[in-house]
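Peer 1: Fold the stuff below for me.
(2 chains)
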Protein chains: 2
Amino acid sequence: MSSSELSLAPIHRLIKKAGATRASEEAAEELRKILEEVGIAIAKEALSLAQYTGRRTIKREDIERAAKTLLRGFYT
Amino acid sequence: MSSSELSLAPIHRLIKKAGATRASEEAAEELRKILEEVGIAIAKEALSLAQYTGRRTIKREDIERAAKTLLRGFYT
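Peer 2: Residues are numbered from 1 along each chain as shown, chains lettered A, B, ... in the order given. Down below sits the predicted model:
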């Protein structure tokens, strides 16, 4: 199992931003896990896109295109 | 425009975990923006689900169901 990169405090702030006043600790941990999975998946696809064009550095447009591909349902 | 909740350092670590050694600052900022949008959207849907069942506290299962609904393409 991989360790977490994101802290729980900012995750709780995101939940509060969404209008919720109460969330269980397990709910915040679940959201953190999901955001990390999504973030790593987008970064992997972005890396693949960068390499496809012969670059070694991931640029903003790689992240944008990767997110559109992986989060198709979310952005449409 | 809303301020950022997530810091850039953990975002860079996620990118590194994906196998990338180099990413521009703009790429990390873009990934942060996307993860915050996704996180807030999931939290909003989870809040709506909790209220639907008459609860005021968001639980883990609300987050799970919200993510499956919003990230349909990602999880299938």
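Peer 1: shouldn't A:R65 be in contact with A:S48?
Peer 2: No - assessed by Cβ atoms under 8 Å, A:R65 is found out of contact with A:S48, at 10.3 Å. The C-beta positions use only the backbone N, C-alpha and C, and glycine is treated the same way.
Peer 1: could you check the distance from A:P10 over to B:I40?
Peer 2: 12 Å (Cβ to Cβ, to the nearest Å).
Peer 1: I should have written A:E61 there, sorry.
Peer 2: From A:E61 to B:I40 the distance is 23 Å (Cβ to Cβ).
Peer 1: Kindly report the same for A:I11.
Peer 2: 11 Å.
Peer 1: These two - which one has more neighbours?
Peer 2: A:I11 (25 against 18; other Cβ atoms under 10 Å in any protein chain shown).
Peer 1: List the residues that contact the more buried one.
Peer 2: By Cβ atoms under 8 Å, 6 or more residues apart in numbering or on different chains, A:I11 lies in contact with A:28, A:31-32, A:35, B:39.
Peer 1: close enough to count as contact, A:T69 and A:E45?
Peer 2: Yes - the criterion here is Cβ under 8 Å, and A:T69 meets it with A:E45 at 6.1 Å.
Peer 1: Give me the more crowded residue out of these two.
Peer 2: A:E45 (19 against 15).
Peer 1: and the longest helix for chain A?
Peer 2: Longest helix of chain A, by residue count under DSSP state H: helix A:25-52.
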